[in-house]
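Student: got a sequence here, can you build the structure:
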Amino acid sequence: MAESEDYESVLCVKPEVHVYRVPPRASNRGYRAAEWQLDQPTWSGRMRITARGSVAFIKLEDKNSGELFAQASVDQFPGIAVESVTDSSRYFVIRVEDGNGTTGRRAFIGIGFVDRGDAFDFNVALQDHFK
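Tutor: Residues are numbered from 1 along each chain as shown. Got it, this is the predicted structure:
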């Protein structure tokens, strides 16, 4: 393995992100944040986007301990791993994988930013990585 593939760079850090349970998608019309009980996030913490080689990783971590809550690997953007919702620029649906990805369990969770600027930075960090 080349050394550059071992190196992990940080693309973006946001101190405040909220996680939501996402109801199953009704047909193929896209996700709507309005359906998520936005006043009751399932979890809140820090988000870091890192890159190793061509893959970006969205890491949701505890603000204090840095313990990993969930991680999504993104190999293309836009794509299945990160989707915008249809009714807001501050919310996204990401596909998280269990543990190191070998067990193959995947789930879709909603993430949201308090600040529209943070959502913009999230988008730009991913777009820039995949240019």
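Student: from V96, how far off is S73?
Tutor: Noted for S73: a distance of 9 Å to V96, by Cβ to Cβ, to the nearest Å. Placement of C-beta: from N, CA and C, glycine included.
Student: actually L68, not the one I wrote
Tutor: When distances are taken as Cβ to Cβ, L68 and V96 turn out to be 10 Å apart.
Student: what about these two, which has more around it?
Tutor: V96 (20 against 13; other Cβ atoms under 10 Å).
Student: my guess is that one meets A107, correct?
Tutor: Yes: under the criterion of Cβ atoms under 8 Å, V96 makes contact with A107 at 5.6 Å.
Student: okay, now the nearest residue to Y91 once chain neighbours are set aside: neighbour count?
Tutor: Among residues not flanking Y91 along the chain, A33 sits closest, at 3.9 Å (Cβ to Cβ, 6 or more residues apart in numbering). Applying other Cβ under 10 Å, we find 20 residues neighbouring A33.
Student: what about V55, distance to E35?
Tutor: For V55, the distance to E35 under the criterion Cβ to Cβ works out to 30 Å.
Student: quick check: beta-bridge partners of the nearest residue to I80 once chain neighbours are set aside?
Tutor: Here the nearest residue to I80 in space, its sequence neighbours aside, is R95; by Cβ to Cβ, 6+ apart that works out to 6.2 Å. With DSSP bridges as the criterion, R95 is bridged to F108.
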